[in-house]
Every structure is written in structure tokens, then in C-alpha cells.
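J.: Let's see this in three dimensions:
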Amino acid sequence: MTSLRKFSIVLLVVAALAGLIAAPAQAQLTPNCNSNNFPSQMTLGNSYVLNCSATGGTSPFTFSSSGTFPSGMQAYGPFGSEYTIEGPASVAGSYSFTITVKDSANKTGSQAFSITVAA
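T.: Numbering: from 1, shown residues only. Okay, the predicted model is just below:
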């Protein structure tokens, strides 16, 4: 082995021990909510479903919500890495809420929703 190669190996070992070599970046943590059956404009009396799962981050995940769901809807879960909001839109009005997911490394991601329920 050449002296230059030995020196390169020693330099890599020292850099790794000193923390100078970065660990691979993890994907950003986000709630991945399928809003195909959860439009921003809802009809009074119809039922809707919003399914969310965690994307990125490190399991296990914890979901939470803040704000106000359309009246008549409830949150279920989390069930593993999934969270669901479903039910009938029973009161007309405007509603805003945010779904937040937190991973085991305390990273968070969120997704906001604004819903209008009309007769």
C-alpha cells in the first residue's frame, strides 16, 4: 500500500471518529393525507373520509390534530402509522384544522386543511 493511500485511510478514520462525515439525510417527515374522498367543498349530510399515513421520519409515529373538523366528523387512531378522520358533514360552515405527525426522533410535519360545508 502506498503512503498516500495509507494517509487517506487514516484521514477517513479520523474524520469519522470526529463526526466530520455526515450521516445520510433522512427524508422529511410529513403526513401523507389522501384527500380524494375529502374535498375542500363538502355537501351537508354527505359522509367523507380522510386517511393519513406518515411519510419519512423514523417510526413509531404519533398523530395529533388541532383546529376544528366539520361537525359530525371524528378522528380515529393513530393505528400504527395511520390516522383517519371520517363521518358526515352535519353542520354548514367553514372549518380549518391541521394534522401533525411526530416521529421517534421528535421531528414533526404537518398538513393544513380548510373545508367549507354547504347545503
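J.: secondary structure class for Ser65?
T.: Per DSSP: H, G, I helix; E, B strand; the rest coil, the secondary structure class of Ser65 is strand.
J.: what's the answer for the one 10 residues further on, then?
T.: Three-state secondary structure (criterion: three-state DSSP) places Ala75 in strand.
J.: Leaving out the residues flanking it, which one is nearest to Thr108?
T.: The spatially closest residue to Thr108, leaving aside those adjacent along the chain, is Lys102, at 4.9 Å (C-beta to C-beta, 6 or more residues apart in numbering). All C-beta atoms are positioned from the backbone trio N, CA, C, and that covers glycine.
J.: what sits against the one you found?
T.: With contact taken as C-beta atoms under 8 Å, 6 or more residues apart in numbering, Lys102 is in contact with Leu29, Phe61, Thr62, Phe63, Ser64, Thr108.
J.: farthest-separated two in the residues you listed?
T.: The span of the contacts of Lys102, defined through C-beta to C-beta, is set by Leu29 and Ser64 at 13.4 Å.
J.: Next secondary structure element downstream of the helix or strand of the chain with the lowest mean pLDDT?
T.: When each helix and strand of the chain is scored by mean pLDDT, DSSP states H and E, helix 3-17 comes last, with a mean of 61. Remark: after helix 3-17, the chain's next helix or strand is strand 30-34, criterion DSSP states H and E.
J.: What strands flank that next one, and is each parallel or antiparallel?
T.: Here strand 30-34 has these sheet partners by DSSP bridges: strand 47-55 (antiparallel).
J.: Now the partner strand - C-alpha only, CSV.
T.: Extracted in CSV, the C-alpha atoms of strand 47-55 (Å, rounded to 0.1, in the frame of the first residue of the first chain):
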residue,chain,number,x,y,z
SER,A,47,-70.0,11.3,4.5
TYR,A,48,-66.3,11.8,3.9
VAL,A,49,-63.1,10.0,4.8
LEU,A,50,-59.5,11.4,5.2
ASN,A,51,-56.8,8.8,5.6
CYS,A,52,-53.3,9.9,6.6
SER,A,53,-50.1,8.0,6.9
ALA,A,54,-46.6,9.1,7.8
THR,A,55,-44.0,9.6,5.1
